[in-house]
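Participant: Predicted model and sequence below, questions to follow.
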Amino acid sequence: MRTILALHRERSQGWRNAMHLDACEELRVIQMVVRCGLAGIATIDGRCYGGSISYRNGDVVSARFLAQDPAYDLYRLGFLCLPDVRQLRRS
């Protein structure tokens, strides 16, 4: 989780309306993932290069963070790591 959040923080530094992720907010996000979250991670040779963090509330899944290493922006790894909502509804 922390790697995805760090990649998100790195990507959003130049954004005007970017949310500030301090240690307290990072802990809150991790607690939410444990309680009702979904995470997808893209690894290459064992290293995390992208991922997504989403929250699930009943049948509603909300993407919260999408992030990837800037070297992989072309592939949009964070987007590719989103959960397949159709599969979630079956479970």
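Facilitator: The structure has been received and is ready for your questions. Numbers count the residues shown, from 1 in each chain.

Participant: Give me the buried positions along stretch 52-59.
Facilitator: The neighbour-count check on stretch 52-59 (16 or more other C-beta atoms under 10 Å) flags 52-55 as buried. Bear in mind the C-beta positions are built from the backbone N, C-alpha and C, glycine included.

Participant: who touches it?
Facilitator: 1, 4-5, 29, 32-33, 36-40, 61-67, 78-79, 81-83, 88-89 (C-beta atoms under 8 Å, 6 or more residues apart in numbering).

Participant: I'd like to know which of these are buried.
Facilitator: For the contacts of stretch 52-59, buried by 16+ other C-beta under 10 Å: 1, 4-5, 29, 33, 37-40, 61, 63-67, 78, 81-82.

Participant: and which of the buried residues of stretch 52-59 is nearest residue 73?
Facilitator: residue 52 (14.7 Å; C-beta to C-beta).
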